[in-house]
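Asker: Mind folding the following:
(chains A and B)
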Protein chains: 2
Amino acid sequence: MSEQTRFLLSENDIPKTWYNINADSPVAPAPVLHPGTLEPVTPDFLSVLFPMELILQEISTERYIDIPEPVREVYRLWRPTPLIRALRLERALGTPAHIYYKYEGASPSGSHKSNTAVAQAFYNKAAGTRALTTETGAGQWGSALSMACQFLGLDLEVYMVKVSYDQKPYRRFLMETFGAQVFASPTQRTQSGRSILAADPNSPGSLGIAISEAVEVAAASGGAKKYSLGSVLNHVLLHQTVIGEESLKQMDLANEYPDVVIGCVGGGSNFSGIAFPFLRENLRNGQRTRLVAVEPAATPSLTRGLYAFDYGDTARMAPVVKMHTLGHDFIPPSIHAGGLRYHGMAPTLSALVDAGLVEAVAVRQLETFEAARLFAHTEGLVPAPESAHAIRTAIDEALQAKALGEKRVILFNLSGHGNFDLAAYNAFNSGALENDDLSEEDIANIPARLPQVNLSIPA
Amino acid sequence: MSEQTRFLLSENDIPKTWYNINADSPVAPAPVLHPGTLEPVTPDFLSVLFPMELILQEISTERYIDIPEPVREVYRLWRPTPLIRALRLERALGTPAHIYYKYEGASPSGSHKSNTAVAQAFYNKAAGTRALTTETGAGQWGSALSMACQFLGLDLEVYMVKVSYDQKPYRRFLMETFGAQVFASPTQRTQSGRSILAADPNSPGSLGIAISEAVEVAAASGGAKKYSLGSVLNHVLLHQTVIGEESLKQMDLANEYPDVVIGCVGGGSNFSGIAFPFLRENLRNGQRTRLVAVEPAATPSLTRGLYAFDYGDTARMAPVVKMHTLGHDFIPPSIHAGGLRYHGMAPTLSALVDAGLVEAVAVRQLETFEAARLFAHTEGLVPAPESAHAIRTAIDEALQAKALGEKRVILFNLSGHGNFDLAAYNAFNSGALENDDLSEEDIANIPARLPQVNLSIPA
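Answerer: Numbers count the residues shown, from 1 in each chain, chains lettered A, B, ... in the order given. Next up, the predicted model:
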């Protein structure tokens, strides 16, 4: 009799509510500032970009927010996702640790991003929005929103970071198959794009630039188009909590409870999605699970950035928020985990890291791909390079448990599959990849890149 | 209260046996002939290429064959696969039909091919084989066997049809990530490859040529290397019956029974995998499910080929079998459903089509991609172009049911996802694809391509 490998729930177990950490967080969120005045914004400013329901979720302190039935209806296509025990990886490591992963790559678009994409498309459709604009890095978010917009009957313009547009043509083809228009950012279509290209015609782009372009197009549309963001904001993080809520039930099926929960972080949404329900159990029910956010050493906003007010985008059109940041005009190296190339971090998550409720670690590119390969060789799944950061840390935790001779229950979020990232694996397989840690000089320059904020109210 | 979308089984429901249609088929299989003498082969001839356990399965008339526990252990990584009701597709079609699909793309390598890959690697490892050779067309089979060889600790050489090697670099990167060596066939590594290249240096390759190369390398290895085939042979078909056995249980969960079961056919294994258990119910338990094999109009072996003895490969090194064939030296058009580019068809399946127990239809390339797009737009999954042939016919059945105003329960096998086939979708999206039906002239020429067989025993 073999040990159980997969822990499955029925579709009746799809959560009926999203969980809002702001109801339980001991850290009050800092105000969101207008990028022009650097004073707190009004909902009116945000309503140019977002429908009111999402703005209300952004500032809500309600613990649970009902998931609309039409959204749960679409979730049924892939949720609940499986929780899988990585028995073959455990054996390869010779560890007494138990390693579980929640597999969000089971969604049709291949990652966790579908969870919020469907919700955002739904609220926009309900508010009368005709088209959305967005940015995408690795393409996970753009793919998910393309699918969601096709489902809900919305047009979509995607500004795709140029280096990813070039590296990942299949991602573009996928978005186009779902009916989206995809542009390599920076483009000539926007003022933000044109100024970047004037300064550097060969700009590889960045998430910060692509956000500027998508925001500009929505803001100039007179209300016909809204903007949609795939991470960072609180409403996005809370849509992802279905991951953690399901995981809690599935760990229960496995008769275990995690000592540590791990996720990779770019903007912070997949990590928050799996971790926040466990943080609730820590804060309210006396659990003591360690929560570990893993970022690339190339873009180490949580571990090396400053916790300060900064713009969300490069062209300073998006709101200013308090977050861990490398500076809004910082263009990170062209690493292969394109989904983690963002200068900042979700403010909600930044505050929790600052308060010591969430741990953060940075891992290096080569060690990350080595972990990804071992995972593929044992579990069969080739992970997205982003998710491989979580695998690296899960393996490190399992090896530490082995060294200490202790049983440790490890849960990580496998946020997406790597089927569209094989060019990165080819670079790794052929020895062409190198480590790309951010330089000490770049880190020393961060303070000079931040806006001077003198709030008339205390932050 | 919504209708149920997904029907899931637990890992205890993974079948314990494979089903062998030869126990129940009213059609006696024709003998397998030696390619040199055109006389029935002995097991000795086959044992150069295959381990004895697989040869015994090839000729077995036992109804059920035990699945070794280590194979079931690996199956747990992705089996049982989900059975999904395509409610959103039904609504888009406005059909009273119920459409279900079995999703074999849930396997880590992305298709049903993993089911036999693991079994074949297991039996080879047990028999002391050190390395396998194989061919691959679209790359689904090569990917699956690469994963299986990595799991079992076997080396692997993959001869990949050149047109697919060029069209699908990500497939090669995936195989290499699993540790396989991949060559664009025809190669200079074999006598078969060299003679093809001498005649046509720009040969796009074919499955028939790639099979010749893989067989030649194994046959010349003095026993160190064996050959592994991803379809056509009876042992491969029976390994795939886990698909149909699970589907029977899942249709039961849905409280329905299919009126028609549909699968695409290249060599015939995914279709046989889902259909043969239902054929058993027809033959033994009075069910009357229609079984429909769908092939491309570009390679219409079942609908336009001859049912006759022919070589399994182009260089006439593989055994001669009685099957529906377009002629062993026929090089099919470079269609985008590379997995269906084979001149012949599984002998077991051919005999059942000839006996009228299985229906066959051919569908055209553009209509197939239109069906695939509608499926992606409603169900979110972008299917492999091969599997899209089954979707086309499932939609046609649903539309016919609508025209007739009748409820019809349709089950098809979604044998793989299309994440590695986005270049084909891009061609379709941009209007560059055309229909590519086989010409009447090519069809008229088939008899001249077949070997003259005068058996000393009756066929």
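
Asker: contacting residues for residue A:81?
Answerer: A:102-104, A:106-107, A:243, A:246 (CB atoms under 8 Å, 6 or more residues apart in numbering or on different chains). For the C-beta atoms, the positions are set from N, CA and C on the backbone; glycine is no exception.

Asker: Could you list the low-confidence segments of the stretch 1-150 of chain A?
Answerer: Counting by pLDDT under 70, the ranges of the stretch 1-150 of chain A that qualify are A:1.

Asker: in it, what residue is nearest chain B?
Answerer: residue A:108 (3.2 Å; CB to the nearest CB).

Asker: Only whichever of the contacts of residue A:81 are buried, select them in ChimeraX.
Answerer: Buried subset of these, written as a ChimeraX selection, criterion 16 or more other CB atoms under 10 Å in any protein chain shown:
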select /A:102,103,104,106,107,243,246
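
Asker: Dump the contacts of residue A:81 into a markdown table; add secondary structure as well.
Answerer: Converted to a markdown table, the contacts of residue A:81 look like this (DSSP: H, G, I helix; E, B strand; the rest coil):
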| residue | secondary structure |
| --- | --- |
| A:102 | strand |
| A:103 | strand |
| A:104 | helix |
| A:106 | helix |
| A:107 | coil |
| A:243 | helix |
| A:246 | helix |
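
Asker: quick one: which of the contacts of residue A:81 is nearest residue B:315?
Answerer: Each of these was checked against residue B:315 using CB to CB; the closest is residue A:106, at 42.0 Å.

Asker: Show me where the stretch 201-350 of chain A has its strands.
Answerer: Using DSSP state E, counting those that start in this stretch, the strands of the stretch 201-350 of chain A run over A:225-227, A:260-264, A:290-296, A:306-311, A:320-325.

Asker: I figured residue A:18 hits residue A:68, correct?
Answerer: No - taking CB atoms under 8 Å as the definition, residue A:18 is not a contact partner of residue A:68, at 10.5 Å.

Asker: Of these two, give the one with the bigger neighbour count.
Answerer: Between residue A:18 and residue A:68, counted using other CB atoms under 10 Å in any protein chain shown, the more crowded position is residue A:18 (28 against 15).

Asker: Tell me the secondary structure at that one.
Answerer: Looking at residue A:18 with three-state DSSP, the answer is strand.

Asker: Pull the contacting residues for it.
Answerer: A:64-65, A:67, A:238-239, A:241-242.

Asker: Show me which residues of the stretch 151-300 of chain A sit near chain B.
Answerer: Applying CB under 8 Å from any CB of the partner chain, one finds that the stretch 151-300 of chain A approaches chain B through A:151, A:169-170, A:173-174, A:176-179.

Asker: Just the ones of those in helices?
Answerer: A:151, A:169-170, A:173-174, A:176-177 (DSSP state H).

Asker: do you know how far residue A:197 is from residue A:35?
Answerer: According to CB to CB, to the nearest Å, residue A:197 and residue A:35 sit 21 Å apart.

Asker: Same check on residue A:417?
Answerer: 36 Å.

Asker: who has more neighbours, those two?
Answerer: Legend: neighbour count by other CB under 10 Å for residue A:417 and residue A:35, higher for residue A:417 (24 against 19).

Asker: Dig out what the more buried one forms beta bridges with.
Answerer: residue A:383 (DSSP bridges).

Asker: My read is that it contacts residue A:385, right?
Answerer: No - applying CB under 8 Å as the test, residue A:417 and residue A:385 come out as separate, 10.9 Å apart.

Asker: Setting aside sequence neighbours, what's the nearest residue to the residue most central in space within chain A?
Answerer: Computing the C-alpha centroid of chain A and ranking residues by CA atoms, centre = their mean puts residue A:269 first, at 3.7 Å. Spatial nearest neighbour of residue A:269, excluding adjacent residues (CB to CB, 6 or more residues apart in numbering or on different chains): residue A:231 at 4.1 Å.

Asker: sec struct for residue A:435, please.
Answerer: coil.

Asker: Spit out the contact partners of the residue nearest to it when sequence neighbours are not counted.
Answerer: The spatially closest residue to residue A:435, leaving aside those adjacent along the chain, is residue A:364, at 4.8 Å (CB to CB, 6+ apart). Counting by CB under 8 Å, 6+ apart, residue A:364 touches A:296-297, A:435, A:437.

Asker: State the distance from residue A:364 to residue A:371.
Answerer: Taking CB to CB, one finds residue A:364 at 11 Å from residue A:371.

Asker: go on, residue A:119?
Answerer: 31 Å.

Asker: out of those two, which sits in the busier spot?
Answerer: residue A:119 (28 against 22).

Asker: Now that one: closest residue in space, sequence neighbours ignored.
Answerer: residue A:239 (4.7 Å).

Asker: Please tell me how far residue A:338 sits from chain B.
Answerer: 16 Å (CB to the nearest CB, to the nearest Å).

Asker: can I assume that residue is in contact with residue A:135?
Answerer: No - in this structure, residue A:338 is not within contact of residue A:135 by CB under 8 Å, at 11.3 Å.

Asker: Between those two, which contacts overlap?
Answerer: The contact lists of residue A:338 and residue A:135 share residue A:161, where a contact means CB under 8 Å, 6+ apart.

Asker: Any idea which residue of the stretch 201-350 of chain A lies closest to chain B?
Answerer: residue A:253 (10.5 Å).

Asker: excluding its backbone neighbours, what's nearest that residue?
Answerer: Closest to residue A:253 by CB to CB, 6+ apart is residue A:7, at 4.6 Å.

Asker: For that neighbour, name its beta-bridge partners.
Answerer: Those that pair with residue A:7 in a beta bridge, by DSSP bridges, are residue A:83.

Asker: and what of residue A:19?
Answerer: residue A:64.

Asker: list the contacts for it?
Answerer: A:63-64, A:238, A:241, A:244-245, A:276-277, A:280.

Asker: Now the buried members of those residues.
Answerer: A:238, A:241, A:244-245, A:276-277, A:280.

Asker: Reformat those residues as JSON lines; add pLDDT.
Answerer: Supplementary listing: the buried ones among the contacts of residue A:19 in JSON lines, determined by pLDDT from 0 to 100:
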{"residue": "A:238", "pLDDT": "97"}
{"residue": "A:241", "pLDDT": "98"}
{"residue": "A:244", "pLDDT": "98"}
{"residue": "A:245", "pLDDT": "98"}
{"residue": "A:276", "pLDDT": "98"}
{"residue": "A:277", "pLDDT": "98"}
{"residue": "A:280", "pLDDT": "98"}
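
Asker: Could you work out the most separated pair of the residues you listed?
Answerer: Between all members of these, the farthest pair (by CB to CB) comes out as A:238 and A:280, at 11.8 Å.

Asker: list residues touching both of these two?
Answerer: Listed as contacting both residue A:238 and residue A:280 by CB under 8 Å, 6+ apart are A:19, A:21.

Asker: And the helices in the stretch 51-200 of chain A?
Answerer: A:52-59, A:69-75, A:87-93, A:114-126, A:140-152, A:162-167, A:169-177, A:191-199 (DSSP state H, counting those that start in this stretch).
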